[in-house]
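1. prediction below, plus the sequence it came from.
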Amino acid sequence: MFPPVPNPAAKPTPARFGEQDLIRRSASEVTPPAQRQTEVAKLIDVSKCIGCKACQTACLEWNDLREEVGVNVGVYENPHDLTPNTWTLMRYTEYENPESGNLEWLIRKDGCMHCEDPGCLKACPAPGAIVQYSNGIVDFVHDNCIGCGYCVKGCPFNIPRISQVDHKAYKCTLCSDRVAVGQGPACQKACPTQAIVFGTKDQMKEWAEKRIADLKSRGYKNAGLYDPPGVSGTHVMYVLHHADKPELYAGLANEPRISPIVELWKGMTKYAGLGVMAAFAGIGVLHHLVMGANRVTRDDEQHAMSLAERRQ
Amino acid sequence: MNREDVAPDDAVYRGDPVVVDRYTAGARINHWITATCLVLLALSGLALFHPSLFFLTGLFGGGQATRAIHPWIGVILFFSFAGLFLRFWRLNLWKGADTTWVVRLKKVLGNRDHEDPDLVEIGKYNAGQKIVFWGMTLLILVLICSGLAIWDQYFSEYTSITQKRLAILVHAIAAVTIICVWIVHVYAAIWVRGTIGAMTRGRVTGGWAWRHHRKWLRELVTGELPKDNKSGATPVR
């Protein structure tokens, strides 16, 4: 058993991280703090998950969210997808393993992966609407959000959802408010099987090693850790029995990275675009300085008058 | 002389100087609605294009308001420009003389085209104006289509995320291009003196028409145009 995060002290404690710990802030430059905080991570061990949805409930409960009553279409997912109120969702896949002939019920808790290289943040045009703390948490600051949906396009995991009520983007916060006072995320706290554990990223990797060794000893030779290098690693990681085929788990991205289209849009286009527009304006000014105005002469007017007279 | 390069409401009035009606009140109102929309779209769009221009959202009442209003201005522009398109497309069709004009662009830019012994007489629009017209037409189509694909509030469910990514890249590039076309359009109107009056009062002088659109002037003078005299000059028959 992974040692659980101790219960909080009865007296209030100051927040362990805040504005001063930002390493990235959307559409703005920040001076990163001299010292980076220890990176935290949530480890989701898919092989231990029983699909009880306690994590989903805990998330709604802690974050004071209400989901609409939905419609049963004969699947276990409820609701059918992530929404502005459902920041984490159990996704169920029935997989017939061709090697063993077994039916495997693969259950993955979907939600924000808290990428080290966050596509949402890089796509965001609103200063300070998305921030990344030095402990790895990527958080949405709703006061600054303008609801444009650029984060949706930037995210390699299809996570952010825009509310049609207040037109702001929502996703898992990794319970930044709880982590700030030394607690683990609500989902982790609620998990009855320790399929979700929380700690420093190094601790999580270590713990994952043990879990993977155990899975391998039980015949899952491709068991492994999902900490995708394409986004420089994530602060939510999975232990998968089939780490070679993450897409089995309800389409978990295989080798995710920020889309090259987004990189082009937010990289070259942004700078070259300003440059080209400035060049056009500059050439105009220069042309006028060098060539001067193109003026109608008295001669032109007289030509016009005689043309008009002749046609009388 | 046939009147292939003249719009129905164009007219010429004798006097000193000769006065030429270039745009009707309807066309001018239509133009300025489009122009206002285009400027507002550029300002609100640039605000979301580059962080250093985000402060422009202040003009529209903040980021949320900018995000909400930008697509609606785009819709107004689309229909307003459609009006301009219907008014102007026929006289903007490309002709052989236009290619000659493009070849001689260097002389035009050097203010020396009027001294050219092989001067090609230009109709109501020169090749530069036609390129602006068709450029605007094409880019506005691209912008409205890509814009609808990223108008999340109403249309998010109709496109995949990959399509949205492509749409927003295309939208950004098309927007930069149309702003450049707009700069050319505005600069040409400033550089070639006497032009702006065509879109404000609706009139230009005969000398301006002689200098820049001689074929248009000739065709106008030839035509029978019993028009009311608005400027104190006598209509030419």
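-> Ah, there it is.

2. can you pull out the low-pLDDT segments for chain A?
-> Counting by pLDDT under 70, chain A contains low-confidence ranges at A:311-312.

3. next one: the longest helix anywhere in it to chain centre, how far?
-> Longest helix in chain A, counting residues (DSSP state H): helix A:270-291. Helix A:270-291 sits 37 Å away from the centroid of its parent chain (Cα atoms, centre = their mean, to the nearest Å).

4. what sits up against the helix or strand just after that helix?
-> Helices and strands here follow DSSP states H and E; after helix A:270-291, the next one along the chain is helix A:298-310. By Cβ atoms under 8 Å, 6 or more residues apart in numbering or on different chains, the residues outside helix A:298-310 that reach it are B:12, B:14-18, B:114, B:205-211, B:217-218, B:221, B:236. Yep, even glycine has a C-beta here, placed from its N, CA and C like the rest.

5. closest approach to chain A from chain B, which residue is it?
-> residue B:206 (2.8 Å; Cβ to the nearest Cβ).

6. wait, that residue sits on residue B:16?
-> No - between residue B:206 and residue B:16 there is no contact under Cβ atoms under 8 Å: 9.1 Å.

7. look at these two and report which has more neighbours.
-> residue B:206 (31 against 13; other Cβ atoms under 10 Å in any protein chain shown).

8. bridged to residue A:198, which residues?
-> For residue A:198, the beta-bridge partners are residue A:42 (DSSP bridges).

9. contacting residues around it?
-> Counting by Cβ under 8 Å, 6+ apart, residue A:198 has contacts A:5, A:40, A:41, A:42, A:43, A:184, A:185, A:188, A:204.

10. circling back: name the helices or strands packed onto the longest helix of chain A?
-> When contacts are defined as 3 or more Cβ pairs under 8 Å, 6 or more residues apart in numbering or on different chains; DSSP states H and E, helix A:270-291 packs onto helix B:161-191.

11. just the element for residue B:66, please.
-> Going by DSSP H and E, residue B:66 is in helix B:63-88.

12. is that helix positioned near chain A?
-> Yes - Helix B:63-88 comes into contact with chain A (Cβ under 8 Å from any Cβ of the partner chain), by way of B:63, B:64, B:66, B:67, B:68.

13. and stretch B:209-223, by the same measure?
-> Yes - Stretch B:209-223 reaches chain A (Cβ under 8 Å from any Cβ) through B:209, B:210, B:211, B:217, B:218, B:221, B:222.

14. in strands only, show me the contacts of helix A:298-310.
-> In strands, defined here by DSSP state E, the members of the contacts of helix A:298-310 are B:12, B:14, B:205.

15. from residue A:160, how far out is the residue positioned nearest the centre of chain B?
-> Nearest to the mean C-alpha position of chain B, by Cα atoms, centre = their mean, lies residue B:133 at 5.5 Å. Distance from residue B:133 to residue A:160, counting by Cβ to Cβ, to the nearest Å: 40 Å.

16. return the member of the residues of helix B:63-88 next to chain A nearest to residue B:126.
-> The closest of those to residue B:126 turns out to be residue B:66 (Cβ to Cβ; 36.8 Å).

17. which pLDDT value belongs to the closest one?
-> Looking at residue B:66, its pLDDT reads 98.

18. can stretch B:96-116 be found next to chain A?
-> Yes - under the criterion of Cβ under 8 Å from any Cβ, chain A is reached by stretch B:96-116 at B:109, B:110, B:111, B:114.

19. now these: which count as buried?
-> Among the residues of stretch B:96-116 next to chain A, those scoring as buried are B:111, B:114 (criterion: 16 or more other Cβ atoms under 10 Å in any protein chain shown).

20. excluding its backbone neighbours, what's nearest the residue nearest to the centre of chain B?
-> Once flanking residues are discounted, residue B:133 sits nearest to residue B:92: 4.5 Å by Cβ to Cβ, 6 or more residues apart in numbering or on different chains.

21. verify the stated contact: that neighbour with residue B:135.
-> No - with contact defined as Cβ under 8 Å, residue B:92 does not reach residue B:135; the gap is 10.8 Å.

22. more neighbours: which of these two?
-> Under the neighbour definition other Cβ under 10 Å, residue B:92 and residue B:135 were set side by side, and residue B:92 has more, 20 against 17.

23. tally of neighbours for whichever residue of chain A sits closest to chain B?
-> At 2.8 Å from chain B, residue A:304 is the closest residue in chain A, using Cβ to the nearest Cβ. Residues near residue A:304, counting by other Cβ under 10 Å, number 28.

24. against residue B:13, how distant is it?
-> Distance of residue A:304 to residue B:13, given as Cβ to Cβ: 11 Å.

25. over to residue A:48?
-> Taking Cβ to Cβ, one finds residue A:48 at 90 Å from residue B:13.

26. how about residue A:15?
-> Residue A:15 is 77 Å from residue B:13, by Cβ to Cβ.

27. just want to know which of these two has more residues nearby.
-> residue B:13 (23 against 14).

28. from residue A:80, how far out is the more buried one?
-> Residue B:13 is 70 Å from residue A:80, by Cβ to Cβ.

29. distance between the ends of stretch A:152-171?
-> From its first residue to its last, stretch A:152-171 covers 10 Å (Cα to Cα, to the nearest Å).

30. tell me the gap between that stretch and the middle of its chain.
-> Averaging C-alpha positions (Cα atoms, centre = their mean) puts stretch A:152-171 9 Å from its chain's average.

31. quick one: buried residues of it?
-> Residues A:152-157, A:159-162, A:167-171 are the ones in stretch A:152-171 that count as buried (16+ other Cβ under 10 Å).

32. what's the answer for stretch B:130-141, then?
-> Those would be B:130, B:131, B:132, B:133, B:134, B:135, B:136, B:137, B:139, B:140, for stretch B:130-141 by 16+ other Cβ under 10 Å.

33. wait, doesn't the first one sit right on residue B:92?
-> What it means is residue B:130. Yes - between residue B:130 and residue B:92 there is a contact at 4.8 Å, judged by Cβ under 8 Å.

34. what residues does the closest residue to residue A:228 other than its chain neighbours make contact with?
-> Nearest non-adjacent residue to residue A:228, counting by Cβ to Cβ, 6+ apart: residue A:256, 5.2 Å away. The neighbours of residue A:256, taking Cβ under 8 Å, 6+ apart as the test, are A:156, A:157, A:228, A:230, A:231.

35. how about a cut-off of 6 Å?
-> By Cβ atoms under 6 Å, 6 or more residues apart in numbering or on different chains, residue A:256 lies in contact with A:156, A:228, A:230, A:231.

36. cool, residue B:63 as well?
-> Residue B:63 is in contact with A:126, A:146, B:57, counting by Cβ under 6 Å, 6+ apart.

37. can you show me the strands along chain A?
-> Under DSSP E, chain A gives strands at A:22-25, A:40-45, A:88-96, A:103-111, A:130-133, A:138-140, A:161-162, A:169-170, A:196-200, A:224-226, A:236-240.

38. do the fifth one and chain B come into contact?
-> It stands for strand A:130-133. No - in terms of Cβ under 6 Å from any Cβ of the partner chain, no part of strand A:130-133 sits within range of chain B; the closest distance is 12.3 Å.
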